[in-house]
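In: When you get a sec, could you give me coordinates for this:
(one chain, ligands or ions: 1)
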Amino acid sequence: MAMALRLLCILTVLVLPACYKTVISPVHVNKNKAVYQVRSGDTLYSISQRYGMDYRALGKRNHIRYPYAIHTGQRLYLRRVAPRPSYIPLPEKHKKTVHNRRTGDKRTDRHGRMKSSRHTISHRHMVRLIWPVHGPVTSGFGRRHGRPHDGIDIGVPEGTPVRAAAAGEVVYSSHRLTGYGNLIIIRHTHDMFTAYAHNQINLVRKGDHVKRGEIIARTGHTGHASGPHLHFEVRRGPTPVNPLAYLSKR
Ligand SMILES: [Zn+2]
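Out: The predicted structure follows:
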């Protein structure tokens with residue numbers, strides 16, 4: 001018995017480091033199948049970019065839905081697929097899409113109703129966003145150091161009240177989305193969301209309905225943040241868009 005136990009211990013020691021090494025770095029089983037273990041600082045989006053994947057496909061492959069929460073140590077199955085040409089998270093492309101929709105999209109569905117794209121555009125004007133905090137934009141939307149930056153950073157002191165940019169329902173209030181620290185996501189319409197990251201403290205919970213301008217959090221530097229600021233995102237469905245296109249002029 002003691003012998004068996006000792007053998008088991010030795011085996012464990014021998015096997016564990018190998019397993020550890022295996023799961024820490026991506027394992028390419030073949031070109032179409034691989035496993036990746038989530039590391040600190042990863043987001044579903046950053047992983048998808050690294051492996052040339054569409055993040056929605058990566059989410060679907062792993063049964064992860066919006067807001068795509070992943071956690072350190074989680075194993076993700078990768079599968080290489082060509083990124084959809086429609087998905088380019090850059091402001092230029094977004095403007096073009098909006099323009100096209102605004103000027104000419106009058107398609108109807110098979111029941112003769114106007115398609116939702118018209119709906120979507122009207123929302124862009126209906127949902128007026130107020131600035132969640134007042135401070136300088138210290139980092140813009142788009143690429144930063146070669147990596148995508150899905151929102152804007154607004155520099156404010158620690159503990160500054162964060163206000164809901166528009167009325168809506170809190171669909172996420174937690175700290176499990178790697179890198180974002182204490183994060184709040186509010187749904188304003190069926191496909192429009194705002195996100196508030198790196199909070200010192202979240203003051204609302206999932207399921208809460210908030211008014212425009214209501215204080216929902218206090219700014220901090222939780223998650224991956226070099227100093228106190230608010231990381232603010234606007235999403236149309238899962239696609240990040242430039243918040244400056246939605247925020248009131250100041
Ligand atoms: Zn940021």
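
In: Is stretch 129-144 positioned near the ion?
Out: No - Stretch 129-144 does not reach the ion (Cβ under 5 Å from the ion); its nearest approach is 5.6 Å. (Each C-beta comes from the backbone N, C-alpha and C, glycine too.)

In: For that stretch, measure first residue to last.
Out: 24 Å (Cα to Cα, to the nearest Å).

In: Quick one, grab the pLDDT at residue 45.
Out: You'll see residue 45 listed with a pLDDT of 83.

In: Not including adjacent chain positions, what is the nearest residue to it?
Out: Nearest non-adjacent residue to residue 45, counting by Cβ to Cβ, 6 or more residues apart in numbering: residue 55, 4.8 Å away.

In: same question, residue 135
Out: Once flanking residues are discounted, residue 135 sits nearest to residue 156: 4.0 Å by Cβ to Cβ, 6+ apart.

In: Residue in the chain with the shortest distance to the ion?
Out: residue 231 (3.5 Å; Cβ to the ion).

In: Tell me which residues touch that residue, please.
Out: 151-153, 180, 195-198, 225 (Cβ atoms under 8 Å, 6 or more residues apart in numbering).

In: Out of the residues you listed, flag the one nearest to residue 211.
Out: For those, the minimum distance to residue 211 (Cβ to Cβ) is 15.2 Å, reached by residue 196.

In: Tell me which helix or strand the closest one sits in.
Out: If you go by DSSP states H and E, residue 196 is part of strand 192-202.

In: quick check, that strand touching the ion?
Out: No - contact between strand 192-202 and the ion is absent, the nearest approach being 6.9 Å (criterion: Cβ under 5 Å from the ion).

In: re earlier: in TSV, list the contacts of residue 231 along with neighbour count and pLDDT.
Out: Converted to TSV, the contacts of residue 231 look like this (neighbours: other Cβ atoms under 10 Å; pLDDT from 0 to 100):
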residue	neighbour count	pLDDT
151	22	95
152	21	96
153	23	96
180	26	94
195	23	96
196	28	97
197	29	97
198	25	97
225	18	90
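
In: got the residues you listed as a markdown table, with distance to residue 167 columns?
Out: Listed next are the contacts of residue 231 as a markdown table, based on distance: Cβ to Cβ, whole Å:
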| residue | distance to residue 167 |
| --- | --- |
| 151 | 20 |
| 152 | 21 |
| 153 | 24 |
| 180 | 23 |
| 195 | 16 |
| 196 | 15 |
| 197 | 20 |
| 198 | 23 |
| 225 | 27 |
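
In: residue ranges with poor pLDDT in this protein?
Out: Applying pLDDT under 70 to the chain flags residues 1-33, 79-126.

In: quick one: the helices in it?
Out: 2-24, 44-50, 55-61, 91-104, 116-126 (DSSP state H).

In: For this protein, what lies in contact range of the ion?
Out: Within the chain, the positions near the ion by Cβ under 5 Å from the ion are 153, 231.

In: wait, isn't residue 197 in contact with residue 185?
Out: No - counting by Cβ atoms under 8 Å, residue 197 stays clear of residue 185, with 9.3 Å between them.

In: before we move on, back to that, what residues are up against the residue nearest to residue 45?
Out: 44-45, 47-49, 68, 238.

In: make it 6 Å
Out: Each residue near residue 55 by Cβ atoms under 6 Å, 6 or more residues apart in numbering is listed here: 44-45, 48.
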